[in-house]
Every structure is written in C-alpha cells, then in structure tokens.
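In: Build me a model:
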Amino acid sequence: MTKPIFNYDEMSDTLYVSFAPGEKATGIELNDHILLRINKKERRAIGLTFLDYSLLAQRTEVGPRSFPLTGLAELSEELREMVLDILQRPPVSHLLFLSTYTPSIVETIPITSLQPIAIAPA
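Out: All right, here's what the predicted structure looks like:
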C-alpha cells in the first residue's frame, strides 16, 4: 500500500485524502463533514474528504471532538457492515478513531474522531 496523498484547500477548509489516486469510487456520506470513497467490489477505501477540517481537528479541553456517523443509518444493512469494516481497517483506521456513544442500555450510536494529521503547507 502506498502512502496516502493529502491535499488541503485552505479556502474551503477541506482536506482530501487519497489512498488510490485516480481510481473510480463510490462516495458514502458518513455525516455532514466526512465523505468516504470506496471500491465496493474490492471492499476497500479509495479516499476520504473532510469538510470543515479545522472544526473536525480542533481539540477541546477534554480531548478530541467526536462526531456521530449519522450517514450509516441511511445505508442498507449489507453496505453498512461493509463500511464499518472498511472504517476499522488501515488505511482509514490510521485517520479515524471509531467508538460508540451509548445514551441508553439499548441504544448505541457509532461516532468518530479524527486522529492528528500533520499537513505540510502547500
């Protein structure tokens, strides 16, 4: 596996991460700020897009910000399982930390936080 390519657009505050540059992919909206691009046939990540990157990467006084993966609820069960598998494996797991928020004993909400990423200035 090659190293990911990072492209940050300061004007739009968007970070593009490519694991397989130029490869066709299906976009999966994980939430309003994170888009995962995958090769469905091979069940692997092609890239990630982080909108409002500075907000996602901003730490709070108690640690990193976490965001619910609200887009998973819109997926079929099969696609949801595939996406969760992809999210938990490298290279995506090097950038996103998955966890679960449990507001009650019967309810679980998948959440994510961004691992620190060093972006070289353009």
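
In: residues touching the closest residue to L114 other than its chain neighbours, list them.
Out: Using Cβ to Cβ, 6 or more residues apart in numbering and skipping the chain neighbours, the partner closest in space to L114 is L56 (4.9 Å). For every residue, glycine as well, the C-beta is placed using N, CA and C. By Cβ atoms under 8 Å, 6 or more residues apart in numbering, the residues touching L56 are 33-34, 50, 65, 67, 114.

In: Please repeat the previous calculation with a cut-off of 10 Å.
Out: Taking Cβ atoms under 10 Å, 6 or more residues apart in numbering, we find L56 in contact with 13, 15, 31, 33-34, 50, 64-65, 67, 96, 112-114, 117.

In: what helix or strand does it sit in?
Out: Using DSSP states H and E, L56 maps to helix 53-57.

In: For the longest helix anywhere in the chain, could you pull out the residues that count as buried?
Out: When the chain is scanned for its longest helix (criterion: DSSP state H), the result is helix 77-87. Residues of helix 77-87 classed as buried: 80, 82-83, 86-87 (neighbour count, 16 or more other Cβ atoms under 10 Å).

In: one step back: next structured bit after the helix holding L56?
Out: Taking DSSP H and E, what comes next after helix 53-57 is strand 59-60.

In: Which SSE is immediately downstream of that next one?
Out: Per DSSP H and E, the first helix or strand lying C-terminal to strand 59-60 is strand 63-64.

In: Counting neighbours, what do you get for P91?
Out: Applying other Cβ atoms under 10 Å, we find 18 residues neighbouring P91.

In: where exactly do the strands run in the chain?
Out: Per DSSP state E, the chain carries strands over the ranges 5-9, 14-18, 26-29, 34-39, 44-51, 59-60, 63-64, 67-68, 96-104, 107-114.
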